[in-house]
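K.L.:
I need the structure of the sequence given here:
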Amino acid sequence: MSKEVCEVCKRPSEECTCCPECGHICSLDYGEPYCPVCLPEKDPDKRFMRLALKEAEKAFLKGEVPVGAVLVKDNSVIALTHNTRETQNDPAGHAELLALREGAFSLNRWRLTDLTLYVTKEPCVMCAGAMVNARLGRLVYGCEDTKAGAVNNLYQILSDKRLNHQVEVVSGVMKEECSSLLKEFFKKRRDEA
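P.N.:
The predicted model follows:
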């Protein structure tokens, strides 16, 4: 039985870590888990937030509110998702929920205590609740949501001691980039109305 081989780096597929963004450089050549050309940040939080922003841009192009999420375990991406509420007519089609579902399915377990979720915008009540229920280990988000944020703004669900689990939170990673994409989206919507 022959093993699948990457067309770019010619390595067996289980050894290949070619950049999912550019497809032209095998990151093993750099000794890094991701392509330093596409993702030059050395800080892993910024690197994975950059991937979440790329997902948010995909949502933008589909007419979705541009929120992207990346679920990571041991510096490896488990799930890349973006909002699909409009295109799928799914009220639960938030990037965070999709990432948690995809990760749980991929790992064949619902407890995600050793994973980090990167998301471009502060999660809402529904998503924050799902993070508690998934026993998520860590959340890193970009910009705040002063109207519906359930992590630091309206509610503090992930740090509420009355619940059976608390999630470590890092906020403000690449917040300007995350915020400007959302502002651009809503400006475009207003201009088209």
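K.L.:
Spit out the contact partners of the residue nearest to Val65 when sequence neighbours are not counted.
P.N.:
Nearest residue to Val65, sequence neighbours excluded (CB to CB, 6 or more residues apart in numbering): Asn83, at 5.3 Å. All C-beta atoms are positioned from the backbone trio N, CA, C, and that covers glycine. By CB atoms under 8 Å, 6 or more residues apart in numbering, the contact set of Asn83 is 59, 64-68, 93-95.
K.L.:
mind running it again at 10 Å?
P.N.:
For Asn83, the contact set (CB atoms under 10 Å, 6 or more residues apart in numbering) comprises 55-56, 58-60, 62-69, 90, 93-98, 120-121.
K.L.:
again with Ala52
P.N.:
67-72, 80-82, 95, 99, 117-121, 140-142, 173-174, 178.
K.L.:
do that again at 7 Å, thanks
P.N.:
68-70, 118-120 (CB atoms under 7 Å, 6 or more residues apart in numbering).
K.L.:
same deal with Asp45?
P.N.:
Asp45 neighbours (CB under 7 Å, 6+ apart): 140, 170, 173.
K.L.:
Write the PyMOL selection for whichever of those residues are buried.
P.N.:
Selecting only the buried entries of the contacts of Asp45 in PyMOL, with 16 or more other CB atoms under 10 Å as the criterion:
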select buried, resi 140+173
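K.L.:
Which of the contacts of Asp45 sits closest to Lys161?
P.N.:
Taking CB to CB as the measure, Lys161 sits nearest to Val170 out of the contacts of Asp45, at 19.2 Å.
K.L.:
in this structure, what spans have low per-residue confidence?
P.N.:
Of all residues in the chain, those with pLDDT under 70 make up the ranges 1-3, 6-41.
K.L.:
Show me where it has its helices.
P.N.:
44-61, 85-88, 95-107, 125-133, 175-192 (DSSP state H).
K.L.:
Same list (those) but as CSV, adding distance to Gln156.
P.N.:
CSV is the format used below for the helices of the chain (distance: least, CB to CB, whole Å):
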stretch, distance to Gln156
helix 44-61, 21
helix 85-88, 25
helix 95-107, 16
helix 125-133, 9
helix 175-192, 18
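K.L.:
Ok, which of the ones you listed comes nearest Arg162?
P.N.:
Closest among the helices of the chain, using CB to CB: helix 125-133, at 10.8 Å.
K.L.:
for the closest one, which positions count as buried?
P.N.:
Applying 16+ other CB under 10 Å to helix 125-133 flags 127-132 as buried.
K.L.:
how about those residues in JSON lines, adding distance to Ala104?
P.N.:
Listed next are the buried residues of helix 125-133 as JSON lines, based on distance: CB to CB, whole Å:
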{"residue": "Cys127", "distance to Ala104": "14"}
{"residue": "Ala128", "distance to Ala104": "17"}
{"residue": "Gly129", "distance to Ala104": "15"}
{"residue": "Ala130", "distance to Ala104": "10"}
{"residue": "Met131", "distance to Ala104": "12"}
{"residue": "Val132", "distance to Ala104": "14"}
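K.L.:
Closest to Asp43 out of the residues you listed?
P.N.:
Distances from Asp43 to the buried residues of helix 125-133, taken by CB to CB, are shortest for Met131, at 22.3 Å.
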